[in-house]
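**Student:** Whatever this is, show me its structure:
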Amino acid sequence: MPYGVLFLFIIYMDPRLVFGLFQDPEDKSEEKVKEIVDFSEHPYVLMGMFTRIIFRGDKVNDQIIKFFSEINKDIDVENLEIVNKNMIFIRAYTYLHKLDLSNSFHVETLLDKADDTFLQACDLALDHFTELEEYEKCSFIKKFKDFIEFSQNKLPL
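**Tutor:** A predicted model of the protein is given here:
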């Protein structure tokens, strides 16, 4: 088959018809609608992503530096490391920023699931943003850290 004909076939192919080929011919029922549940905004996932990115940041940074060093031998490794580290902490902060202390479900999840690793990640993020003098981010992170440390569920009775 010449390439031009194949190209035209691909352009005019309807993907809905392709998926119809895999239907059971005995199944005459209407199209079944499946509900997809999105957990990406769940507070436990947001907390986990924040913590994971903070703790894996050094490994990712090392891999990025290794990759770019192989491509360009003249690259400024020190500046690349600083930029990568900043991007990693900012990305982690975006997950934490989605948590809302006025949402009761978020509060319950924080009180129930926050542990020492989450608090350590908060400390590392505070150190990083303090060094960059981004005090608004520090204030936001500190609010979560204090909430968890001083909540009634965490205080000894």
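**Student:** alpha carbons only for contacts and neighbour counts from here, please
**Tutor:** OK.
**Student:** and residue 88, how many neighbours does it have?
**Tutor:** Residues near residue 88, counting by other CA atoms under 10 Å, number 20.
**Student:** burial count for the spatially closest residue to it that is not a sequence neighbour?
**Tutor:** Nearest-residue entry for residue 88: residue 57, 6.1 Å, with adjacent residues in sequence omitted and distances by CA to CA, 6 or more residues apart in numbering. By other CA under 10 Å, 19 other residues sit near residue 57.
**Student:** Return stretch 120-130 as PDB; C-alpha atoms alone will do.
**Tutor:** Taking C-alpha atoms only, stretch 120-130 is exported to PDB below (Å, rounded to 0.1, in the frame of the first residue of the first chain):
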ATOM      1  CA  GLN A 120       9.300  16.700  58.400                       C
ATOM      2  CA  ALA A 121       8.400  17.600  54.800                       C
ATOM      3  CA  CYS A 122       6.800  20.800  56.100                       C
ATOM      4  CA  ASP A 123      10.100  21.600  57.900                       C
ATOM      5  CA  LEU A 124      12.200  21.100  54.800                       C
ATOM      6  CA  ALA A 125       9.900  23.200  52.700                       C
ATOM      7  CA  LEU A 126      10.000  25.900  55.400                       C
ATOM      8  CA  ASP A 127      13.800  25.900  55.400                       C
ATOM      9  CA  HIS A 128      13.900  26.100  51.600                       C
ATOM     10  CA  PHE A 129      11.400  29.000  51.300                       C
ATOM     11  CA  THR A 130      12.900  30.900  54.200                       C
END
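**Student:** Contacts for it, please.
**Tutor:** Contact with stretch 120-130 is made by 50-51, 54-55, 89, 93, 135, 137-138, 141-142, 145, as judged by CA atoms under 8 Å, 6 or more residues apart in numbering.
**Student:** What's the PyMOL line that selects buried ones from the residues you listed?
**Tutor:** Entered in PyMOL, the line below selects the buried ones among the contacts of stretch 120-130, by 16 or more other CA atoms under 10 Å:
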select buried, resi 50+51+54+55+89+93+137+138+141+142+145
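**Student:** tell me which of the contacts of stretch 120-130 is nearest to residue 71?
**Tutor:** residue 89 (24.8 Å; CA to CA).
**Student:** Quick one: residues contacting that closest one.
**Tutor:** 53-54, 57, 125, 128.
**Student:** try residue 140
**Tutor:** Applying CA under 8 Å, 6+ apart, the residues contacting residue 140 are residue 97.
**Student:** Reformat the contacts of residue 89 as TSV; add secondary structure, distance to residue 63 and pLDDT.
**Tutor:** Below are the contacts of residue 89 laid out as TSV (DSSP: H, G, I helix; E, B strand; the rest coil; distance: CA to CA, whole Å; pLDDT from 0 to 100):
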residue	secondary structure	distance to residue 63	pLDDT
53	helix	14	94
54	helix	15	94
57	helix	10	88
125	helix	21	96
128	helix	20	95
